[in-house]
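Q: Starting from these lines, generate the structure:
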Amino acid sequence: MIELKDKLKNIEVDSSHLEFAMQPAEVSHEGSIIAEVEGALISLGYKEREAQQAIKAAKSNGNTFADTQGLLKATLQQLSGF
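A: Numbers count the residues shown, from 1 in each chain. Next up, the predicted model:
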């Protein structure tokens, strides 16, 4: 994850799936977390669409994630079928 940090700065995030009730700073923070997780999954060999679907599924229970680690863990659980 640390190695990907600089590479993820230039990744665009599709924020259409984010809730509009959030404040701009919250959206930016959540978008950053999503971009980091998506980049990490892609670097692990998952396809972009597969990574996006897993992230969406992890968030579908109404869960919010304060950090990259929490979302990445939940997303990997989705991908592993747990």
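
Q: Show the low-confidence segments of this structure, by residue range.
A: 1-27, 82 (pLDDT under 70).

Q: And the biggest helix by length in the chain, what does it pack against?
A: Under DSSP state H, the helix in the chain containing the largest number of residues is helix 24-43. Applying 3 or more CB pairs under 8 Å, 6 or more residues apart in numbering; DSSP states H and E, one finds that helix 24-43 contacts helix 5-8, helix 48-59, helix 68-80. Quick note: C-beta positions are derived from backbone N, CA and C, even for glycine.

Q: Please find the angle between the direction vectors of that helix and helix 48-59.
A: With axes from the mean of the first three to the mean of the last three CA atoms, to 10 degrees defining the directions, helix 24-43 sits at 130 degrees from helix 48-59.

Q: angle of helix 24-43 against helix 68-80?
A: Counting by the same axes, to 10 degrees, helix 24-43 lies at 50 degrees to helix 68-80.

Q: buried set for helix 24-43?
A: 27, 30-31, 33-42 (16 or more other CB atoms under 10 Å).

Q: Dump the helices and strands packed on helix 24-43 to JSON lines, plus mean neighbour count.
A: Converted to JSON lines, the helices and strands packed on helix 24-43 look like this (neighbours: other CB atoms under 10 Å):
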{"stretch": "helix 5-8", "mean neighbour count": "12"}
{"stretch": "helix 48-59", "mean neighbour count": "17"}
{"stretch": "helix 68-80", "mean neighbour count": "17"}
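
Q: Let's see the distance spanning stretch 42-53 from one end to the other.
A: Chord length of stretch 42-53, first to last residue, is 12 Å (CA to CA, to the nearest Å).

Q: Can we start the residue count at 426 from this point?
A: In the new numbering, first residue 426, that becomes stretch 467-478.

Q: With distance to residue 490 added, can I get the buried residues of helix 449-468 in JSON lines?
A: JSON lines is the format used below for the buried residues of helix 449-468 (distance: CB to CB, whole Å):
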{"residue": "452", "distance to residue 490": "14"}
{"residue": "455", "distance to residue 490": "8"}
{"residue": "456", "distance to residue 490": "12"}
{"residue": "458", "distance to residue 490": "6"}
{"residue": "459", "distance to residue 490": "9"}
{"residue": "460", "distance to residue 490": "13"}
{"residue": "461", "distance to residue 490": "11"}
{"residue": "462", "distance to residue 490": "9"}
{"residue": "463", "distance to residue 490": "13"}
{"residue": "464", "distance to residue 490": "15"}
{"residue": "465", "distance to residue 490": "13"}
{"residue": "466", "distance to residue 490": "14"}
{"residue": "467", "distance to residue 490": "18"}
